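Colleague: Mind looking at a prediction? Sequence and model below.
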Amino acid sequence: MTTDYPAKPMLADVRKQLKRPQREHLNAGIARAKREGWLDQVRGVQDLHALAHGCYFDSRYADHAEQFFEKGLTHQTGGFAGDPFELMPWQRDGLVRPLFGWRMPNGSRRFRSAFVLIPKKNGKSTTCGGLILYLLAAEPDPDDPRRTEPAQEVYSASTSQEVGSIVFREADKLVQGSPPLKKRLEVKSQTRRITYPATKSFFRVLPHKAKSAEGMIAGGVVMDEVHAMDSRELYAALRYAGASRRQPLFIEITTSGIDDPTRLWMQRRRFTRQVLDGDVIDITHLGLLYEADKDAEPDDVEQLRKANPSLGHTIDEADLLRQAKAAMAEGPAAVAEFKRYRMNIGVGAEQAWIAPETWDQGQEPFDLEGLRERPCYSGLDLAKVSDFAAHALLWPPAEGRADVDPWLAAFRFWIPRAAVLARSRMGDASYEAWEKAGLITVTDGNTTDHKRVRADVKADAERFNILRIGIDRNFEGWQFTDDLFNDDELPAVGVGQGWRSQDVPMQRIGTLVTEARINAGANPVMRWMIGNAIAKKVGPNQNLHLDRARAADKVDGVAALINAMYLAEVVDGDPSTPPTWDSCPLVVLD
């Protein structure tokens with residue numbers, strides 16, 4: 001869709017985030033886009049940031065890639081056999097043209113990674129085959145666009161030999177149907193390799209083991225069906241195999257899988273969503289998420305269209321609707337399968353303890369200054385060597401206001417600089433953004449600075465009326481509690497981290513969140529951590545505790561909040577309260 005200008009509110013927000021030279025680049029980029037007629041390629045926050053970094057769109061490269069598919073390739077199977085590979089709108093405008101048309105200031109390709117989440121039967125595998133052949137034999141060398149890049153290495157990988165062979169077979173079929181490619185390329189079916197002797201380039205399918213990726217200098221990697229990948233070893237080896245290349249490209253295309261935040265595909269999907277929403281700035285990542293809403297009914301036509309961009313092309317709408325109704329008649333298992341494979345809705349695993357969307361209901365900024373004298377409880381979650389540490393301050397409603405006012409919570413987070421840099425190298429700039437916004441404290445070095453944590457907790461205790469400080473007993477919690485209690489004379493107590501200590505506070509927090517009666521000040525770090533948390537149910541009574549092993553990512557703020565709620569609801573909320581902090585040198589609350 002062509003517009004005269006990017007959305008003005010979005011443009012204004014981005015300008016506020018930029019320094020003067022970048023704003024000048026942005027203005028120059030918009031002017032160039034208008035002048036050259038590619039303003040329709042400036043579609044979101046990432047594109048505006050790309051312009052601010054001097055990136056631009058070159059329609060010659062986009063046209064070249066599009067024409068490679070439509071004039072150089074022919075479908076070999078199905079109802080389109082013998083027809084030119086005419087790109088569907090989502091393939092052309094969402095993937096191929098942006099992927100190869102956007103350029104860095106030095107002329108190389110802007111996008112270095114792409115994540116495409118799309119249901120079955122939308123042409124995924126054939127698209128993979130075409131992308132592989134373009135990278136192998138046709139993409140212009142940015143240093144000399146008259147030739148393809150020499151000594152190119154292109155790989156595909158998956159978790160099984162069967163899935164890997166599907167992509168190879170699609171590429172092979174496209175070669176056989178293209179006289180120019182058939183003349184130039186050599187296909188070796190037994191070893192699943194395609195070579196381009198003239199440029200000493202090759203494509204090969206990797207075995208599904210991390211050691212198979214050792215020593216690669218990959219110009220392009222295409223990973224199919226990421227949802228089936230449990231281990232990050234092969235993924236990590238492939239992700240960084242092109243580090244020495246000028247413009248490496250890492251493409252992930254997958255359908256949905258098990259709805260488990262620990263799965264790689266869900267982590268990559270979430271990162272892509274953050275990029276699309278502008279929560280994380282990464283101008284080198286292209287994301288396409290085709291999925292129905294989580295609670296969509298199988299026969300909701302609009303939701304089917306939303307999830308299936310090839311509807312009306314490779315998928316008949318009437319047939320798909322008939323399949324939906326048949327699944328509904330068959331029962332829950334069939335509905336779950338339909339939702340997963342035809343609507344891209346992950347199914348079948350533990351859900352997050354509290355959905356971020358549910359958490360959002362009670363969130364809004366509030367003034368901390370008015371809470372100085374009001375009694376509160378705090379929870380501290382200490383970090384493993386290089387992890388987050390978190391301090392939660394929790395204010396119950398004032399006496400007589402329990403049914404009217406919300407509980408209020410504020411947070412401090414600490415993390416060492418090395419962890420921030422490591423996250424940035426993985427393509428996630430969220431830690432850096434949170435540091436700039438003052439939401440996290442980044443300390444020097446490779447390990448958590450417990451001296452800084454202790455000093456900040458003391459400052460909080462001087463500023464606010466903290467009745468108790470609950471500290472997890474794991475790792476260095478024993479010593480930290482003792483230091484705060486004996487040396488700093490603060491009301492510090494150790495709190496267990498099993499279900500005996502966490503069930504009641506987690507139940508209470510869950511109820512308050514459902515009723516929109518807990519307000520953490522719309523803190524984005526805490527929202528992220530809430531979305532990572534998994535609640536494990538233990539024993540015949542299904543008691544809750546925080547399952548750190550299965551958490552999608554960091555949950556330190558959640559653990560700190562649970563510690564604080566334990567003090568408020570179990571210790572001071574129960575007539576059988578254990579001895580108070582001032583009656584013994586170290587209290588352990590289990």
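Modeller: Received the coordinates, thanks.
Colleague: from here on, contacts and neighbour counts on C-alpha atoms
Modeller: Fine.
Colleague: So which residues make contact with the helix or strand hosting Leu276?
Modeller: Secondary structure from DSSP states H and E places Leu276 in helix 264-277. With contact meaning Cα atoms under 8 Å, 6 or more residues apart in numbering, helix 264-277 is reached by 44-46, 115, 117, 226-232, 254, 256-257, 259-261, 280-282, 285-287, 289, 428, 552.
Colleague: Need the three-state assignment for Leu393.
Modeller: On the three-state scheme (DSSP: H, G, I helix; E, B strand; the rest coil), Leu393 is labelled strand.
Colleague: isn't it right up against Gly379?
Modeller: Yes. Shown here, Leu393 and Gly379 form a contact pair, counting by Cα atoms under 8 Å, at 6.7 Å.
Colleague: Might you report the residue contacts of Ile562?
Modeller: Contacts of Ile562 by Cα under 8 Å, 6+ apart are 379, 502, 505-506, 509.
Colleague: Name the SS class of it, please.
Modeller: Going by three-state DSSP, the secondary structure assigned to Ile562 is helix.
Colleague: Same check on the one 5 residues further on?
Modeller: At Leu567 the chain is in helix, as set by three-state DSSP.
Colleague: Also Val116?
Modeller: In three-state terms, and counting by three-state DSSP, Val116 is strand.
Colleague: just to revisit the earlier point, taking the contacts of helix 264-277, please make a PyMOL selection of just the buried ones.
Modeller: In PyMOL, this line selects whichever of the contacts of helix 264-277 come out buried by 16 or more other Cα atoms under 10 Å:
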select buried, resi 44+45+46+115+117+226+227+228+229+254+256+257+259+260+261+280+281+282+285+286+287+289+428+552
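Colleague: Find the residues that touch each one of Leu393 and Gly379.
Modeller: Counting by Cα under 8 Å, 6+ apart, the common neighbours of Leu393 and Gly379 are 561, 564.
Colleague: Pick out whichever of these two has more residues nearby.
Modeller: Between Leu393 and Gly379, counted using other Cα atoms under 10 Å, the more crowded position is Gly379 (31 against 24).
Colleague: which residues touch the more buried one?
Modeller: Shown here is Gly379, whose contacts under the criterion Cα under 8 Å, 6+ apart are 391-393, 469-471, 559-565.
Colleague: still on that earlier bit, now intersect the contacts of helix 264-277 with the helices, please.
Modeller: Using DSSP state H, the members of these that fall within helices are 45-46.
Colleague: Now go through the contacts of helix 264-277 and say which are in strands.
Modeller: Assigned to strands by DSSP state E, the following of the contacts of helix 264-277 qualify: 115, 117, 254, 285-287, 289.
Colleague: Out of the residues you listed, the closest to Trp90 would be?
Modeller: Using Cα to Cα, Leu289 is the member of these that lies nearest Trp90, at 10.9 Å.
Colleague: Distance-wise, check the closest one relative to Arg270.
Modeller: When Cα to Cα, to the nearest Å is the yardstick, Leu289 and Arg270 sit 10 Å from each other.
Colleague: Also Ala237?
Modeller: Separation of Ala237 from Arg270 (Cα to Cα): 21 Å.
Colleague: how near is Arg97 to Asp63?
Modeller: Arg97 is 7 Å from Asp63, where distance means Cα to Cα.
Colleague: of those two, who's got more company?
Modeller: Neighbours per residue (other Cα under 10 Å) separate Arg97 from Asp63, with Arg97 holding more: 22 against 15.
Colleague: How about the more buried one, nearest residue that isn't a chain neighbour?
Modeller: Ala62 (4.5 Å; Cα to Cα, 6 or more residues apart in numbering).
Colleague: for Phe366, helix, strand, or coil?
Modeller: Classification of Phe366 by three-state DSSP places it in coil.
Colleague: before we move on, what SS does the nearest residue to it once chain neighbours are set aside have?
Modeller: The shortest distance from Phe366 to any residue that is not its chain neighbour, by Cα to Cα, 6+ apart, is 5.9 Å, and that residue is Gly521. The three-state label given to Gly521 by three-state DSSP is coil.
Colleague: where does Gly521 land on pLDDT?
Modeller: At Gly521 the predicted local confidence, pLDDT, stands at 94.
Colleague: do the same with the one 10 residues further on
Modeller: Confidence per residue is given as pLDDT, and for Gly531 that number is 82.
Colleague: can you check Ser378 too?
Modeller: Residue-level confidence at Ser378 comes out at 93, pLDDT.
Colleague: What of Gly346?
Modeller: Reading off the model, Gly346 has pLDDT 82.
Colleague: first to last residue in stretch 398-407, what's the distance?
Modeller: For stretch 398-407, the separation between the terminal residues is 9 Å (Cα to Cα).
Colleague: what about that stretch, average pLDDT?
Modeller: 84.
Colleague: what sits up against that stretch?
Modeller: Residues outside stretch 398-407 that contact it (Cα under 8 Å, 6+ apart): 394-397, 516-519.
Colleague: Can you tell me which of those residues lies closest to Asp141?
Modeller: Distance ranking of those against Asp141, using Cα to Cα, places Asn519 first at 53.5 Å.
Colleague: ok, the closest one touching Glu364?
Modeller: Yes. In this structure, Asn519 is within contact of Glu364 by Cα under 8 Å, at 6.7 Å.
Colleague: ok, these two, which is more surrounded?
Modeller: Here Asn519 and Glu364 are compared on neighbour count by other Cα under 10 Å; more neighbours surround Asn519, at 25 against 11.
Colleague: is the more buried one in a bridge, and if so with what?
Modeller: The residues listed as beta-bridge partners of Asn519 by DSSP bridges are Leu408.
Colleague: tell me the contacts of it?
Modeller: By Cα under 8 Å, 6+ apart, the contact set of Asn519 is 362-364, 406-409.
Colleague: What is the burial count for Leu311?
Modeller: Here the number of neighbours of Leu311 (other Cα under 10 Å) works out to 18.
Colleague: Quick check: the gap between Met526 and Gly438.
Modeller: 14 Å.
Colleague: These two: which is more packed in?
Modeller: A direct count of neighbours by other Cα under 10 Å for Met526 and Gly438 places Met526 higher, at 26 against 12.
Colleague: Quick check: nearest residue in space to the more buried one, chain neighbours excluded?
Modeller: Counting by Cα to Cα, 6+ apart, Gly557 is the residue found nearest to Met526 once chain neighbours are left out, at 6.1 Å.
Colleague: quick one: contacts for the one you found?
Modeller: The contact partners of Gly557, by Cα under 8 Å, 6+ apart, come to 381, 389-392, 411, 413, 526, 529.
Colleague: Redo those as TSV? Include distance to Val154.
Modeller: Conversion of these to TSV gives the following (distance: Cα to Cα, whole Å):
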residue	distance to Val154
Asp381	45
Ala389	41
Ala390	43
His391	47
Ala392	48
Phe411	46
Phe413	42
Met526	40
Met529	37
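Colleague: now, which of those sits nearest Phe203?
Modeller: Of all the contacts of Gly557, Phe203 sits closest to Met529, with 40.1 Å by Cα to Cα.
Colleague: Tell me if the closest one really is in a helix.
Modeller: Yes. Following the definition three-state DSSP, Met529 is counted among the residues of a helix.
Colleague: so it makes contact with Ala559?
Modeller: No. With the criterion set as Cα under 8 Å, Met529 and Ala559 do not qualify as a contacting pair; they are 9.6 Å apart.
Colleague: Specify which residue of these two has the higher count of neighbours.
Modeller: For Met529 versus Ala559, the count of surrounding residues by other Cα under 10 Å is larger for Ala559: 29 against 19.
Colleague: Angles on the backbone of the nearest residue to the more buried one once chain neighbours are set aside, please.
Modeller: Counting by Cα to Cα, 6+ apart, Ala559 lies nearest to Asp381, which is 6.2 Å off, once chain neighbours are set aside. In this entry, Asp381 is assigned phi and psi values of phi -120, psi 110 (degrees, to the nearest 10).
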